[in-house]
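Q: Predicted model and sequence follow; I will ask about them next.
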Amino acid sequence: MNDVLIIIPTYNEGENISRIIESIFLTHNNINILVVDDNSPDGTSGKVKELISKFCKNLFLITRDSKLGLGTAYLVGFNWAIKNRFKYVISMDADFSHNPKDIERLYNSCKINQNDISIGSRYVKGINVVNWPLERILLSYMASWYVRIITGMNIKDPTSGFVCYSVKSLKKISLTSIKFNGYAFQIEMKFKLFLIKCFLKEVPIIFTDRKYGKSKLNSSIIGEAFFGVISMKFKSLFNIS
């Protein structure tokens, strides 16, 4: 799996980042990780630097000057992966909501089964979420239903952030045309690739809520996703980028 780059965007993930990096390398010792940190005041990037000496050939860090958001962090990572000639990129959270053991299943879905994108899905086989309150589950599930209705994508978990992309599929879209920066970014990426008829495959996972740190979800992120989906669909009907 040395052709894979795991991208982990971080902001104040100091309680999680060392644990998740160690866990990924323990499970997959020939993989690569890029952390894109938004100058976390809790010293997240410092903890990554401490591990670089241990995993010097496979662990990388980009530190940005300020909190610039999830979407732009991933775009920086995607461009870095393209520049450094990786074949697959996996987006992943730092908080253990995504299990490192599932990385290989997402990778194999692209590498072996030749899907362009594989999505770690909470809802493709029922509802597989652990430790979320009922209202959060309902919000996420209804959001997924809403996105399917508006966009026409037959994806049961379009907001999932645990995704394996083939780099060749990323090269088919203009990354500079990606507009959204919060969780709507996850939807927009899938929709852009769906529109050019890439093969999208959902892989069932169990999502576990974070034990440490705070969720970044807020009302502005929800609003961006709600109205952003309508905007994306409208623009696609009139071929507006």
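A: Yep, it's here.

Q: Provide a list of residues in contact with Cys164.
A: 4, 88-90, 106-107, 109-110, 117-118 (Cβ atoms under 8 Å, 6 or more residues apart in numbering). For glycine as for every other residue, the C-beta is placed from the backbone atoms N, C-alpha and C.

Q: Of the residues you listed, which is the nearest to Tyr146?
A: Nearest to Tyr146 among the contacts of Cys164 is Ile117, at 20.6 Å by Cβ to Cβ.

Q: and the residue nearest to that closest one when sequence neighbours are not counted, what pLDDT?
A: Of all residues not flanking Ile117 in the chain, Leu200 sits nearest, at 4.8 Å (Cβ to Cβ, 6 or more residues apart in numbering). The per-residue pLDDT reported for Leu200 equals 97.

Q: what's the neighbour count on Leu200?
A: Leu200: 19 surrounding residues under other Cβ atoms under 10 Å.

Q: From Phe25, how far off is it?
A: 28 Å (Cβ to Cβ, to the nearest Å).

Q: before we move on, what about Met153?
A: Met153 is 34 Å from Phe25, by Cβ to Cβ.

Q: Sketch out the low-pLDDT regions of the protein for me.
A: Scanning the chain for pLDDT under 70 picks out the ranges 212-225, 241.

Q: And the helices in it?
A: Counting by DSSP state H, the chain has these helices, from start to end: 17-27, 44-52, 70-83, 103-111, 134-151, 167-170, 184-195, 219-237.

Q: what's the closest of those helices to Phe207?
A: Nearest of the helices of the chain (Cβ to Cβ): helix 134-151, 9.0 Å.

Q: Convert that closest one to CSV, retaining C-alpha atoms only.
A: Only the C-alpha atoms of helix 134-151 are listed here, as CSV (Å, rounded to 0.1, in the frame of the first residue of the first chain):
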residue,chain,number,x,y,z
LEU,A,134,-30.4,10.0,18.5
GLU,A,135,-30.8,13.6,17.2
ARG,A,136,-27.4,13.5,15.6
ILE,A,137,-28.2,10.2,13.9
LEU,A,138,-31.5,11.5,12.6
LEU,A,139,-29.8,14.7,11.3
SER,A,140,-27.1,12.8,9.5
TYR,A,141,-29.5,10.2,8.1
MET,A,142,-32.0,12.7,6.9
ALA,A,143,-29.3,14.8,5.4
SER,A,144,-28.1,11.8,3.4
TRP,A,145,-31.7,11.2,2.2
TYR,A,146,-32.0,14.9,1.2
VAL,A,147,-28.8,14.8,-0.8
ARG,A,148,-29.9,11.7,-2.7
ILE,A,149,-33.2,13.3,-3.6
ILE,A,150,-31.8,16.5,-4.8
THR,A,151,-28.7,15.3,-6.6
